[in-house]
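Undergrad: Here's a sequence, model it:
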Amino acid sequence: MKQEHESLVTGNAVDEGQSDAISPGWFIGHFVSKKANLRHTDDVEVKWGIHHSGDEKLNTRTNETSTTLTILISGSFLMKFGTGDSEALLERPGDYALFAPGAEYKWYALAESVVLTVRWPSIPNSRSGTAADRR
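TA: Sure thing, here's the model as predicted:
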């Protein structure tokens, strides 16, 4: 049951990430409607990412201003950084990659995967790539 008050919000990250964000999965951040109360913030953005086996982000991405934490909930997820010299294989629930602003990355879902991504701060237009490339 969803609740929304000034000091408490409950809900479902999957549902809200599909209905209120600029791109699927994002359910907390500057881009969430101000009507969402606590979910609208410039301090942090949070994504519940559901990726099918074989999904990949081919184009290198960079967030110029935010630190990013990606945590594996389930599945197997490979992240490559820079020119591919560095990588993080997330294969056990709880495995994570933490990377600084300006880090170039791309990813591959090696199996059906769920990942939680947290970025701080949440700044408009801080991501590179096209709108179609954002997930």
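
Undergrad: what about the strands in the protein?
TA: For the chain, the strands defined by DSSP state E occupy 3-4, 9-10, 26-28, 45-51, 56-62, 67-74, 77-81, 86-90, 96-99, 104-109, 113-120.

Undergrad: which helices and strands does the last one pack with?
TA: Helices and strands in packing contact with strand 113-120 are listed as strand 45-51, strand 67-74; criterion 3 or more C-beta pairs under 8 Å, 6 or more residues apart in numbering; DSSP states H and E. Heads up, the C-betas are built off the backbone N, CA and C, glycines and all.

Undergrad: Mean neighbour count, those: which tops it?
TA: Most buried of these, by mean neighbour count (mean count of other C-beta atoms under 10 Å): strand 45-51, with a mean of 22.

Undergrad: tilt between that one and strand 104-109?
TA: 40 degrees (axes from the mean of the first three to the mean of the last three C-alpha atoms, to 10 degrees).

Undergrad: So what's the gap between strand 45-51 and the chain middle?
TA: On the basis of C-alpha atoms, centre = their mean, to the nearest Å, strand 45-51 sits 4 Å off its chain's mean C-alpha point.

Undergrad: can you list contacts of that strand?
TA: With C-beta atoms under 8 Å, 6 or more residues apart in numbering as the test, strand 45-51 has contacts from 13-14, 17, 25-31, 66, 75, 77, 109, 112-120, 122, 135.

Undergrad: hmm, try it at 7 Å
TA: For strand 45-51, contacts defined as C-beta atoms under 7 Å, 6 or more residues apart in numbering pick out 13-14, 17, 25-30, 109, 113-119, 122.

Undergrad: who does that strand pair up with?
TA: Using DSSP bridges, strand 45-51 pairs in its sheet with strand 26-28 (antiparallel), strand 113-120 (antiparallel).

Undergrad: Output those strands as TSV; include the columns distance to residue 102.
TA: Below are the strands paired with strand 45-51 laid out as TSV (distance: least, C-beta to C-beta, whole Å):
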stretch	distance to residue 102
strand 26-28	20
strand 113-120	13
